[in-house]
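Asker: sequence-free structure coming up:
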């Protein structure tokens, strides 16, 4: 039987890479986004507002959807608003598919804020590392918990199975995405190379010296496809990280080398990018003209605030992958290559300047 996936948020970093992994496995893929940004080759694009159940019904009617991959979110001013809005987005999608689809399985992508807490109390009383799926929820309101509960209720009512993925910081190809540290660092390094500014690790001493990990978006895609099809993965939540760990003091020189810039000495304190990169759009406009790059502003590519949040944490952050290994997912991704492969792709797509220029 043909399997047809609906990927909600298909132009985001998670959705794009999930769609790519599905296509590689021979799935038919319908990609849903609110408006056209760019098209993913091989994906049938439809457009709807997931805050409007009727528009989702109209977009998915007659598509033969069998599997849902929900990989989008909308940041609000408070966590209460995050719960209301992001909960409604998932609930509307599931309610619409109850009418238009014969859903077999739903995959929900959340993240390690499950263990760290919401932005309002971010890393103030986190779970102990390494993060494990068996740990209890934190005593904070969290839209990830709200979404999980909505998913669990819908699965029980509609008779489909589910899986939840909790990636760490995602590194991979996607443009204009609020959570893409890899592209942000590529823009930062390119600006430093062009201006002679120091390529300084912008985060906290705890992040610079502590153990951490990342999630390659390509691995997330493969993990999501596995969890949607492996019987052992049904009705389970999974951490999704590369499978190795590192310290930023080790990684930073390798990131710098991949961008053709020298790694500056660490000053021993956070030096956030947000504010320090206020001139980025002006510099980037010049680089676009000099190197015939894709005509985008630095502010459309880089998410200074989100990278500052990730690298500025004052607690150690890494997740355990033993549960996935025990259930049969043995995939692994070298984290250095996550960065270097992304930089090569960005150069090939003329998003950042070539090396040696």
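Answerer: Perfect, thanks for sending it. For clarity, every value in this text was computed on a predicted model and none was experimentally measured.
Asker: and the helix or strand harbouring residue 163, what does it pack onto?
Answerer: Counting by DSSP states H and E, the element that carries residue 163 is strand 161-167. With contacts defined as 3 or more CB pairs under 8 Å, 6 or more residues apart in numbering; DSSP states H and E, the packing partners of strand 161-167 are strand 105-109, helix 143-158, helix 217-229, strand 236-240. Every C-beta, even on glycine, is put in place using the N, C-alpha and C of the backbone.
Asker: mind checking which of the ones you listed is nearest residue 295?
Answerer: Nearest of these to residue 295, taken as CB to CB: helix 217-229 at 24.1 Å.
Asker: need the contact list for the nearest residue to residue 72 once chain neighbours are set aside.
Answerer: Leaving aside its chain neighbours, residue 72 sits nearest to residue 9 (2.9 Å; criterion: CB to CB, 6 or more residues apart in numbering). Counting by CB atoms under 8 Å, 6 or more residues apart in numbering, residue 9 makes contact with 15, 32-33, 70-73.
Asker: let's go with 10 Å and repeat that
Answerer: Residue 9 makes contact with 15-16, 18-19, 31-34, 50, 69-73, 89, 109, 177 under the criterion CB atoms under 10 Å, 6 or more residues apart in numbering.
Asker: filter those residues down to the ones in helices?
Answerer: Using DSSP state H, the subset of the contacts of residue 9 located in helices is 15-16, 18-19, 89.
Asker: out of these, which is most surrounded?
Answerer: Counting neighbours by other CB atoms under 10 Å, residue 18 leads these with 33 neighbours.
Asker: now it: how far from residue 75?
Answerer: Distance, residue 18 to residue 75, by CB to CB, to the nearest Å: 20 Å.
Asker: same check on residue 174?
Answerer: In terms of CB to CB, residue 174 sits 16 Å off from residue 75.
Asker: look at these two and report which has more neighbours.
Answerer: residue 174 (21 against 14).
Asker: follow-up on the earlier one: drop anything exposed from the contacts of residue 9.
Answerer: 15-16, 18-19, 31-34, 50, 69-73, 89, 109, 177 (16 or more other CB atoms under 10 Å).
Asker: thought residue 155 was touching residue 103?
Answerer: Yes - Residue 155 is in contact with residue 103 according to CB atoms under 10 Å; the separation is 9.0 Å.
Asker: in terms of neighbours, single out the busier of these two.
Answerer: Applying other CB under 10 Å to residue 155 and residue 103 shows that residue 103 carries more neighbours, namely 21 against 18.
Asker: okay, and that one sits in which element?
Answerer: Assigned by DSSP H and E, residue 103 belongs to no helix or strand.
Asker: what residues are up against the closest residue to it other than its chain neighbours?
Answerer: Among residues not flanking residue 103 along the chain, residue 160 sits closest, at 4.5 Å (CB to CB, 6+ apart). Neighbour list for residue 160: 66-68, 94, 97-98, 101-106, 151, 154, 234-235 [criterion: CB under 10 Å, 6+ apart].
Asker: also residue 295?
Answerer: Counting by CB under 10 Å, 6+ apart, residue 295 has contacts 285, 288-289, 350.
Asker: how does it look with 8 Å?
Answerer: Here residue 295 is in contact with residue 288 (CB under 8 Å, 6+ apart).
Asker: need phi/psi at it.
Answerer: phi -80, psi 80 (degrees, to the nearest 10).
Asker: so, low pLDDT: which residues of the protein?
Answerer: In the predicted model, the chain carries pLDDT under 70 at residues 1, 176-179, 357.
Asker: could the helices and strands packed on strand 161-167 go into a markdown table alongside distance to residue 189?
Answerer: Shown next, in a markdown table, are the helices and strands packed on strand 161-167 (distance: least, CB to CB, whole Å):
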| stretch | distance to residue 189 |
| --- | --- |
| strand 105-109 | 27 |
| helix 143-158 | 31 |
| helix 217-229 | 19 |
| strand 236-240 | 26 |
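Asker: looking at these, spot the one closest to residue 261.
Answerer: Closest among these, once you apply CB to CB, is helix 217-229, at 23.5 Å.
Asker: which helix or strand contains residue 189?
Answerer: helix 181-195.
Asker: pull out the buried positions in that helix.
Answerer: By neighbour count on 16+ other CB under 10 Å, the buried set for helix 181-195 is 181-194.
Asker: looking at the contacts of residue 160, which has the most residues close by?
Answerer: residue 68 (28 neighbours).
Asker: dig out what it forms beta bridges with.
Answerer: Assessed by DSSP bridges, residue 68 has beta-bridge partners residue 6, residue 106.
Asker: pretty sure it sits against residue 3.
Answerer: No - the criterion here is CB atoms under 8 Å, and residue 68 misses it with residue 3 at 11.7 Å.
Asker: can you list residues touching both of these two?
Answerer: Overlap of the contact sets of residue 68 and residue 3 (by CB under 8 Å, 6+ apart) is empty.
Asker: who's in contact with residue 328?
Answerer: 226, 230, 232-233.
Asker: could you check how far it is from residue 271?
Answerer: Distance, residue 328 to residue 271, by CB to CB: 43 Å.
Asker: next one: residue 98
Answerer: 49 Å.
Asker: ok, now residue 27?
Answerer: Applying CB to CB, the value for residue 27 to residue 271 is 44 Å.
Asker: when these two are compared, which one has more neighbours?
Answerer: Between residue 27 and residue 271, counted using other CB under 10 Å, residue 27 has the larger neighbour count: 21 against 17.
Asker: list phi and psi for that one.
Answerer: Dihedral angles (degrees, to the nearest 10) for residue 27: phi -80, psi 150.
Asker: got the contact list for it?
Answerer: 3-5, 225.
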